[in-house]
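Peer 1: With the input below, show me the fold.
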Amino acid sequence: MIKKLSKTAVSAAVLTAAAVVTISPMPASATSAPLNARIAAHFDLAAGQTPENIALAPDGTAYVTFAAARQVARITPGGSARVLATLPEPADGGVHTPVLGFALTTGIVRAHDGTLYFLYATGTADLTGLWRLRPGGEPQRIAALSAAGLPNGLALDRRTHTLYITDSVLGTIQSVPTTGGTPTTWSAAPELAPAGFLGANGLKIHNGAVWATNLDKGTVLRIPVRHDGRADRVQTRATGLTGIDDFAFSGHGNRILATLNGPSEVALVRPDGTSSTVLSAADGLQNPTSVALRGDTVYVLSAAYVTAKDPNLILARKNGR
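Peer 2: Below you'll find the predicted structure:
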């Protein structure tokens, strides 16, 4: 596992470098007073506990994917973690996983009945895909995804019972019904494509549109959903967000909180595309990968891919900005 983590860190370092050379960094002056933050849980780097994505239950329980450990875990409001599932290791060890060279669990969402849906990328046709874990059950793959891709972000449209998936290598958004089956390419717009490393990344459903980030291009994208369910034209809503990964909407409008992996920051991105830093490495961030909100509480996961020091969960209090 130490060797695999080393590979993870090297891959993330390349990712960060790719983002830095292709994106204009956020101006240093574009900052806001930091949120009131504390580290709620520390994870075991040597055991592969590099948290990649998060889904919240109504009681504040967090469900996370530990990328390098190929695991799904539950974290209580008190900060204790319990592994719910460890996915099978590919026969080749994951060395053929596109770009990264290691198998990893990525996006996760939770349905109202407690069912978890999550993504697994291995570079092999037998394991790469969309997986489901029902309460008390065993994980099962319900949709095969291309072994040539890297499924990453996952979002659930509860109204239509549809799951949307970003592929960071293929530069697409795919859709799959919650019952599983054959994926459909929902959008392959050029704005989703990588620019040297990884493209389409974070993903959310919000106010009649699918929203996504592009890590290489540092952008936030909005794609309206037409009446027939098809993708409309892509709208670029923000640019210049170096190393942007996951994001969450802050309240009922179109303001978002976005994790910036390489800079170890969380940015508040306003509807006009301007942004400001609200959390930083000084708050304990270590290459943050995902963010979620429950009421006024902001949950931020850090994987420490590059810092290789302290993967953690930070809780912060959202203010009125």
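Peer 1: Heading C-terminal from the helix or strand bottoming out on mean pLDDT in the chain, find the next helix or strand.
Peer 2: The helix or strand of the chain with the poorest confidence is helix 2-22; it has a mean of 39 (mean pLDDT, DSSP states H and E). Sequence-wise, the next helix or strand downstream of helix 2-22 (DSSP states H and E) is strand 36-42.
Peer 1: Show me the shaky parts of the stretch 201-321 of the chain.
Peer 2: For the stretch 201-321 of the chain, applying pLDDT under 70 flags the ranges 319-321.
Peer 1: One more pass at 80, please.
Peer 2: 252, 318-321 (pLDDT under 80).
Peer 1: Show me where the stretch 1-150 of the chain has its strands.
Peer 2: Remark: strands assigned in the stretch 1-150 of the chain by DSSP state E, counting those that start in this stretch are 36-42, 51-56, 62-66, 71-75, 81-86, 104-110, 116-121, 129-133, 140-144.
Peer 1: what's the angle between the fifth one and strand 129-133?
Peer 2: Think strand 81-86. Relative orientation of strand 81-86 with respect to strand 129-133: 120 degrees, computed using axes from the mean of the first three to the mean of the last three CA atoms, to 10 degrees.
Peer 1: Then the third one?
Peer 2: Comparing the axes of strand 62-66 and strand 129-133 via the same axes, to 10 degrees yields an angle of 140 degrees.
Peer 1: can I get the CA coordinates of strand 62-66 in CSV?
Peer 2: C-alpha atoms of strand 62-66 as CSV (Å, rounded to 0.1, in the frame of the first residue of the first chain):
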residue,chain,number,x,y,z
ALA,A,62,-20.7,11.3,5.8
TYR,A,63,-20.2,8.5,3.3
VAL,A,64,-16.8,8.7,1.6
THR,A,65,-14.7,6.9,-1.0
PHE,A,66,-11.1,6.2,0.0
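Peer 1: centre of the chain versus that strand, how much separation?
Peer 2: Put simply, strand 62-66 sits 11 Å off its chain's centre (CA atoms, centre = their mean, to the nearest Å).
Peer 1: strand partners of that strand, parallel vs antiparallel please.
Peer 2: strand 51-56 (antiparallel), strand 71-75 (antiparallel) (DSSP bridges).
Peer 1: Quick one: residues in contact with the longest one.
Peer 2: Spelled out, it's strand 51-56. By CB atoms under 8 Å, 6 or more residues apart in numbering, the surrounding residues in contact with strand 51-56 are 43, 62-67, 104-110, 116, 118, 153-154, 246, 289-292, 294, 299, 301-303, 311, 313. Where you see a C-beta, it was placed from the backbone N, CA and C, and this is true even at glycine.
Peer 1: State the mean pLDDT of it.
Peer 2: The pLDDT scores in strand 51-56 average 98.
Peer 1: and stretch 138-150, average pLDDT?
Peer 2: 98.
Peer 1: Tell me which residues of that stretch come out buried.
Peer 2: By 16 or more other CB atoms under 10 Å, the buried positions in stretch 138-150 come out as 139, 141, 142, 143, 144, 145, 146, 147, 149, 150.
Peer 1: doesn't residue 268 make contact with residue 255?
Peer 2: Yes: using CB atoms under 8 Å, residue 255 makes contact with residue 268 at a distance of 6.6 Å.
Peer 1: Who has more neighbours out of these two?
Peer 2: Per other CB atoms under 10 Å, whichever of residue 255 and residue 268 has more neighbours is residue 268, with 21 against 14.
Peer 1: Which residues does the more buried one form beta bridges with?
Peer 2: According to DSSP bridges, beta-bridge pairing links residue 268 with residue 257, residue 276.
Peer 1: give the contact list for it.
Peer 2: Residue 268 is in contact with 32, 250, 255, 256, 257, 275, 276, 277, 278, 321, counting by CB under 8 Å, 6+ apart.
Peer 1: From residue 276, how far out is the third one?
Peer 2: Residue 255 sits 11 Å away from residue 276, taking CB to CB, to the nearest Å as the criterion.
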